[in-house]
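Peer 1: no sequence for this one, just the structure:
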C-alpha cells in the first residue's frame with residue numbers, strides 16, 4: 001500500500017480478511033480462545049439514530065456559527081484577500097490559502113488538534129482504530145447521521161481532545177467554515193462522483209460518512225466495470241449534493257493533497273443517493 005511503514009488497527013475478528021505468510025507463527029489454542037471471548041464481549045452493537053429534532057438543532061448551531069465565520073473571512077482570510085473568491089471544481093489540487101485559512105480558523109476555535117488527527121486518519125484508513133468511530137457517534141447524537149455498529153472498545157475514545165464537547169465544537173466550526181467559503185465562491189451545491197467494486201453482495205448503506213470525489217476519473221479508478229468474474233458488484237454514480245451535507249473537501253484540507261490526488265470529499269450521506 002501507499003502508506004509504507006504505517007499500520008492499521010483493526011478488530012481482531014476481521015483477521016479472516018487478511019493473508020499471512022505460510023511461515024507465520026500461529027497462536028496457541030488457548031490464546032485464540034481468549035481473543036474469541038473478547039470478540040464476543042465486544043460484539044454488542046450501539047444504536048444511535050440521528051433524530052430529526054437534533055438535526056434541526058445542529059443545523060441552527062451551524063447557521064449561527066456561519067455568521068462568526070463570515071466575519072472572520074472578511075477580516076482574516078487569505079483566500080478572500082486573493083481577490084474575488086473563485087473555486088475551480090475541475091481543479092486537481094487544493095488551494096493553499098484555504099489550507100492556511102482552515103488552520104487559522106480552527107486554531108482560534110480551539111479545535112485544530114482534532115482537525116489534524118481527523119484528516120490524518122481519513123487519509124490512512126477511516127476504519128482503522130476508533131477515532132473516526134467516535135466522530136460518527138457524536139455526529140449521530142447531533143442528528144447528522146445514524147450509528148449502528150459495534151460499540152467502542154477503546155476506553156479513552158471520549159477523553160482528552162476527543163471529549164464529546166470538543167468533538168461537537170469541531171464539527172460545527174468545520175462545517176460552518178466549509179459552507180461559508182463555498183458560498184463565497186458562489187456554490188450552493190456541487191457535482192460529485194463515487195465508484196465502488198466488491199466481491200461481496202449489495203448491502204444497504206446507512207446514513208453515515210462516505211468518501212466521494214469531485215473527479216469522475218478518480219471515481220472510475222475504484223469501479224471495475226468489466227467482465228472480471230471475481231467482482232460481483234460494481235457501480236459508478238454521479239450526483240449533485242448540497243454543500244450543507246459536506247464535511248471535508250480537498251480544497252481546504254492539505255492532507256488530502258499530500259499523497260493521494262483523488263480530489264476527495266467526505267460527505268454526510270443522508271439518503272440523497274442510494275449506494
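Peer 2: Nice, thanks for sending it over. Just so you know, these numbers come straight off a predicted model, no measurement behind them. Numbers count the residues shown, from 1 in each chain.
Peer 1: quick one: contacts of stretch 36-51?
Peer 2: Contacts to stretch 36-51, defined as C-beta atoms under 8 Å, 6 or more residues apart in numbering, come from residues 11-13, 137, 139-153, 207. Every residue, glycine included, has its C-beta placed from N, CA and C.
Peer 1: quick one: low-confidence ranges for the stretch 151-275 of the chain?
Peer 2: Where the stretch 151-275 of the chain drops to pLDDT under 70, the residues are 271-275.
Peer 1: the helices in it, which residues?
Peer 2: 164-184, 216-220, 255-258 (DSSP state H, counting those that start in this stretch).
Peer 1: tell me what the second one is packed against?
Peer 2: In terms of contacts (3 or more C-beta pairs under 8 Å, 6 or more residues apart in numbering; DSSP states H and E), helix 216-220 is packed against strand 189-198, strand 233-242.
Peer 1: Export those strands as JSON lines, with columns for mean neighbour count.
Peer 2: Output for the helices and strands packed on helix 216-220, formatted as JSON lines (neighbours: other C-beta atoms under 10 Å):
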{"stretch": "strand 189-198", "mean neighbour count": "18"}
{"stretch": "strand 233-242", "mean neighbour count": "14"}
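Peer 1: Tabulate the ones you listed (JSON lines), appending distance to residue 78.
Peer 2: JSON lines is the format used below for the helices and strands packed on helix 216-220 (distance: least, C-beta to C-beta, whole Å):
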{"stretch": "strand 189-198", "distance to residue 78": "22"}
{"stretch": "strand 233-242", "distance to residue 78": "26"}
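Peer 1: what about stretch 241-251, start to end distance?
Peer 2: From its first residue to its last, stretch 241-251 covers 16 Å (C-alpha to C-alpha, to the nearest Å).
Peer 1: Next, report how far the longest helix along the chain is displaced from the centre of its chain.
Peer 2: Looking across the chain with DSSP state H, the single longest helix is helix 52-76. Relative to its chain's centre, helix 52-76 lies at 20 Å (C-alpha atoms, centre = their mean, to the nearest Å).
Peer 1: what do you get for stretch 97-104?
Peer 2: Worked out by C-alpha atoms, centre = their mean, stretch 97-104 lies 19 Å from the chain centre.
Peer 1: what does that stretch contact?
Peer 2: Residues contacting stretch 97-104 (C-beta under 8 Å, 6+ apart): 73, 76-79, 81-82, 112, 115, 174, 177, 181, 251-254.
Peer 1: Which positions within that stretch qualify as buried?
Peer 2: 97-99, 101-102 (16 or more other C-beta atoms under 10 Å).
Peer 1: now residue 15: how far from residue 263?
Peer 2: With distances taken as C-beta to C-beta, to the nearest Å, residue 15 is found 33 Å from residue 263.
Peer 1: and those two? which has more neighbours close in?
Peer 2: residue 263 (26 against 11; other C-beta atoms under 10 Å).
Peer 1: and the gap between that one and residue 256?
Peer 2: Using C-beta to C-beta, residue 263 is found at 8 Å from residue 256.
Peer 1: Mutual contacts of these two, please.
Peer 2: residue 250.
Peer 1: average pLDDT across stretch 85-101?
Peer 2: The predicted model gives stretch 85-101 an average pLDDT of 92.
Peer 1: so how far is the first residue of that stretch from its last?
Peer 2: OK, stretch 85-101 end separation, C-alpha to C-alpha: 13 Å.
Peer 1: partner residues bridging the nearest residue to residue 248 once chain neighbours are set aside?
Peer 2: Spatial nearest neighbour of residue 248, chain neighbours left out: residue 266 (4.2 Å); criterion: C-beta to C-beta, 6 or more residues apart in numbering. Applying DSSP bridges to residue 266 yields these beta-bridge partners: residue 211, residue 248.
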